[in-house]
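>>> this one's sequence-less:
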Ligand SMILES: [Zn+2]
């Protein structure tokens, strides 16, 4: 988007590395579990010892297939393995097993809400998604004033799916929206835990600018910002890199034709992108087909069976909640964006209470707020869906007012137990109609002005009596009190 303060358009393509949720590695039986002591989950295969032979983990292939189908990719009938050869201390084999010219997923797209106008959508096209093994991790100890570097090879051979987008994004906010929706989809499909702080989802961003000058469009050289593991980092790195490229262009005038792609890192503390090494061209990696692994042929039957068995996508869930429960698009969006666990909780409360709108509003306000305060997920939430459904059912039936229901909810959060137990413990008693009627009569007699106001059409005048009624008997239901007062005034009139 061109504007006065931003005289350029940002062009962004993302490469997202997703760790697939398998218990063992891509080509051996070593565990993929995070946080094990260094170099304990390793074997001759993932270390690349001479003579060790890789054996493909079919579960990883299945998870990649599910992801590709959910992203609308074409699944070619054959996919093969290639060695990407480079030297790095965390890669003892000297090559990474990846996929070069025949990836498991071809093309595809992801539709996101347009951050510039939430009522519109944007479709981001994908180039491909391919499987590859992860490398190890270097642990540098310079911070402690020591010169030694250590290598942990537990991550060697962990299955990754690299999802590569077209350069279709035009702002840092759009890149963030793409990543947020992709992460949500991956967790709905349960193909990855997407734990970014554990490195299960890492992002590289290819960024350059299009600058309009004297009727010409100039493109700046592409920079790849590597290995970001938070959406905040991605957003800020892109914003910073765009400004840096614009200033660089102002100073040097260099365009995409003058300079090959460079690799930068993101320095979070300094809040700037910093050059790393010059990017190797694909030819520098000397890709060659892996001689130890056969190509995989996926039958039409396998692909179709996988497609049929796919979990519901977030985009489908948003539509379904609106049509099945008659809640607003905004509310469906909030619930769906909380993950599949919250959708299931909402549906159970909506069905159990018979009041979907009340369920939606209680979950968005009381349940999500408490979850945030406690730092817990819905699976650990103290009030079960059945219990909340029962509580909201009583509100809908007029047996409890909202304020009293919140007291019960708070009690359930702290003490758990049933709705009946909480009502008993809080001393909430239902007040019979006769008792409310005499209370109404008493207050109406004492406040003739209110009676006159209501006769004159000012129904809200009753409101001033509700506070007094609650003082005399905290168990009085305001709705019931109001109705009985109105009846009394009418019958007296
Ligand atoms: Zn191994």
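Cool, got the structure. Values in this document were obtained by computation on a predicted structure and should not be read as measured data.
>>> for the rest of this, base every contact and every neighbour count on C-alpha atoms.
OK.
>>> show me what residue 117 bridges to in the sheet.
residue 114 (DSSP bridges).
>>> neighbours around it, how many?
Residue 117: 9 surrounding residues under other Cα atoms under 10 Å.
>>> any idea how far residue 225 is from it?
27 Å (Cα to Cα, to the nearest Å).
>>> do the same with residue 32
Counting by Cα to Cα, the gap from residue 32 to residue 225 is 27 Å.
>>> likewise residue 100?
21 Å.
>>> could you check which of these two is surrounded by more residues?
A count of neighbours by other Cα under 10 Å puts residue 225 above the other of residue 100 and residue 225, at 25 against 19.
>>> for residue 238, see how far away that one is.
8 Å.
>>> so what sits against both of the two?
205, 207 (Cα atoms under 8 Å, 6 or more residues apart in numbering).
>>> residue ranges in the stretch 1-150 of the chain under the pLDDT threshold?
Along the stretch 1-150 of the chain, the parts satisfying pLDDT under 70 run over 1-5, 141-147.
>>> can you show me the helices along it?
Remark: helices assigned in the stretch 1-150 of the chain by DSSP state H, counting those that start in this stretch are 44-47, 58-70.
>>> what's the answer for the stretch 301-450 of the chain, then?
314-325, 329-337, 340-353, 356-362, 368-374, 385-396, 402-415, 419-425, 433-446, 448-455.
>>> can you lay out the ones you listed as a markdown table showing distance to residue 41 and mean pLDDT?
As requested, the helices of the stretch 301-450 of the chain are arranged in a markdown table below (distance: least, Cα to Cα, whole Å; pLDDT from 0 to 100):
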| stretch | distance to residue 41 | mean pLDDT |
| --- | --- | --- |
| helix 314-325 | 35 | 97 |
| helix 329-337 | 35 | 97 |
| helix 340-353 | 31 | 97 |
| helix 356-362 | 45 | 97 |
| helix 368-374 | 34 | 95 |
| helix 385-396 | 40 | 96 |
| helix 402-415 | 41 | 94 |
| helix 419-425 | 48 | 92 |
| helix 433-446 | 70 | 87 |
| helix 448-455 | 78 | 88 |
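>>> out of these, which is closest to residue 148?
helix 368-374 (40.5 Å; Cα to Cα).
>>> about what we covered before: figure out which of the helices of the stretch 1-150 of the chain is closest to the ion.
helix 44-47 (4.1 Å; Cα to the ion).
>>> how about that closest one, does it reach the ion?
Yes: remark: helix 44-47 sits within contact range of the ion at residue 46, by Cα under 5 Å from the ion.
>>> for the protein, what lies in contact range of the ion?
28, 30, 42-43, 46.
>>> out of those residues, which is nearest to residue 350?
Of these, the one sitting nearest to residue 350 (Cα to Cα) turns out to be residue 30, at 44.0 Å.
>>> list the contacts of the residue of the stretch 151-300 of the chain found nearest the ion.
Proximity of the stretch 151-300 of the chain to the ion (Cα to the ion) peaks at residue 157, 6.9 Å away. By Cα under 8 Å, 6+ apart, the contact set of residue 157 is 25-28, 46, 133-135.
>>> helix or strand: which one has the residue nearest to the spatial centre of the chain?
When Cα atoms, centre = their mean is applied to the chain, the residue found nearest the centroid is residue 184 (3.8 Å). Using DSSP states H and E, residue 184 sits within helix 172-189.
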